[in-house]
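**Q** Fold the stuff below for me.
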Amino acid sequence: SVRDVLVDREKSDGFFGKEEGEATKLAKFQEMLQAEDSYVDIVQLREASRSGIPDKLRGEVWKNLLGIYPSMESKDRIEHEDTKTQTTVEYDPDLAKEITEEARGFLKQHPAVQKKISLGRLARLVGSVIHSRPKIKYRPGLVHMVGSVVAAVDHWVDTTHVFLRIYDLKTTYMRSHSIGEELAQLLALVRRFLPSLRQVLINEDLSPNRWALPWIQNLLSDSLPLSCTLRLWDAYLSESDGWKLHKFVCLAILATLEEEMQEMDREELHCFLRHLPALDVELLILRAKNMQEGEAANAASAADRKANTAI
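**A** Numbers count the residues shown, from 1 in each chain. Take a look at the predicted model:
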């Protein structure tokens, strides 16, 4: 079965180095980041990041993977960013209230993040992001995406730079197709790989806009537990085309939880899909890559058949 194949690969591949001790992994990353010639080997860093980044170094590793380097001393940067988020962000009072309420809920849900940033500052960071990229329209999930970056970086001052770099990279990938097309591709994959679950969703009349669209827009940050989101984003940032994997990760989540979802009604399904349980992200990524490879092979086979028919 597929599960047996996954388990066999897990054993033979060392399951993304899961047996490696956290202390050993931390030391390995520190060595890469503290190279004597001050040159960080990005290829080596990407390779190591695929098996997960230590929490203590995630912010620094992400900045290196994203090509972000400090341009001024930390104290000056903090003062600069604080001034910028307070003086250049202008949005209407109703929107400010909406952002603040969503940010309050996010911080209440994640006490560790609350220790790193105040409610007002998180709300201003979200406003700063909207101000910096006019194409970004506010949605509640944006708070969770920005909050996830706050959780990853060493200091909140890096949040805007890191988030906007992620946004720009994802936007570059999405130029070839819209969010709507990405959603349509995910639903086509569900139809092909999970026909039984698709029928359950149809029978319960659960619109994809209520669960699949947020998954795509917010990179699962407002649906998965924070630790799972961060590990998943490690994987995306470690690949040059990591965003292509996202819809297959969404598919892998559905495949993993399919059995539990079979007997749920519409509202239960909606609540479950918008507030996912903690999942084994290593297995999700492995399963997603298997599905991605399978889909690519099917597409290549279909293209060959079409070419042969034309001949």
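**Q** from what I can see Glu22 touches Pro54, true?
**A** Yes: the criterion here is C-beta atoms under 8 Å, and Glu22 meets it with Pro54 at 6.7 Å. Yep, even glycine has a C-beta here, placed from its N, CA and C like the rest.
**Q** Pick out whichever of the two has more residues nearby.
**A** Pro54 (15 against 11; other C-beta atoms under 10 Å).
**Q** List the contacts of that one.
**A** Applying C-beta atoms under 8 Å, 6 or more residues apart in numbering to Pro54 gives the contacts Glu22, Lys25, Leu26, Phe29.
**Q** distance of it from Trp62?
**A** For Pro54, the distance to Trp62 equals 12 Å [C-beta to C-beta, to the nearest Å].
**Q** Same question for Leu286.
**A** Leu286 sits 22 Å away from Trp62, taking C-beta to C-beta as the criterion.
**Q** Check Arg210 too.
**A** Separation of Arg210 from Trp62 (C-beta to C-beta) stands at 31 Å.
**Q** Show me the longest helix that occurs in the chain.
**A** helix 281-310 (DSSP state H).
**Q** which of the residues in that helix are buried?
**A** Neighbour-count burial for helix 281-310 flags 281-292, 295 (criterion: 16 or more other C-beta atoms under 10 Å).
**Q** and if you look at stretch 190-203?
**A** So for stretch 190-203, counting by 16+ other C-beta under 10 Å, buried means Val190, Phe193, Leu194, Leu197, Arg198, Val200, Leu201.
**Q** tell me the secondary structure for the fifth one?
**A** Of the three states, Arg198 takes helix under DSSP: H, G, I helix; E, B strand; the rest coil.
**Q** so what's it up against?
**A** With C-beta under 8 Å, 6+ apart as the criterion, the residues that contact Arg198 are Val190, Arg191.
**Q** Phe272 is in contact with Met264, correct?
**A** Yes: with contact taken as C-beta under 8 Å, Met264 and Phe272 are classed as touching, separated by 6.3 Å.
**Q** and the gap between Asp92 and Ala123?
**A** In this structure, Asp92 and Ala123 are 14 Å apart, going by C-beta to C-beta.
**Q** Point out where the chain drops to low pLDDT.
**A** Residues of the chain that meet the criterion pLDDT under 70 lie in 1-20, 36-38, 70-91, 304, 310-311.
**Q** contacting residues for the nearest residue to Glu260 once chain neighbours are set aside?
**A** Once its chain neighbours are removed from consideration, Glu260 has its nearest residue in Phe272; the separation is 7.6 Å (C-beta to C-beta, 6 or more residues apart in numbering). If a contact means C-beta under 8 Å, 6+ apart, then Phe272 has Leu257, Glu260, Met261, Met264 as its contacts.
**Q** follow-up on the earlier one: with distance to Ile136 added, can I get the buried residues of stretch 190-203 in CSV?
**A** CSV is the format used below for these (distance: C-beta to C-beta, whole Å):
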residue, distance to Ile136
Val190, 28
Phe193, 32
Leu194, 32
Leu197, 32
Arg198, 32
Val200, 34
Leu201, 29
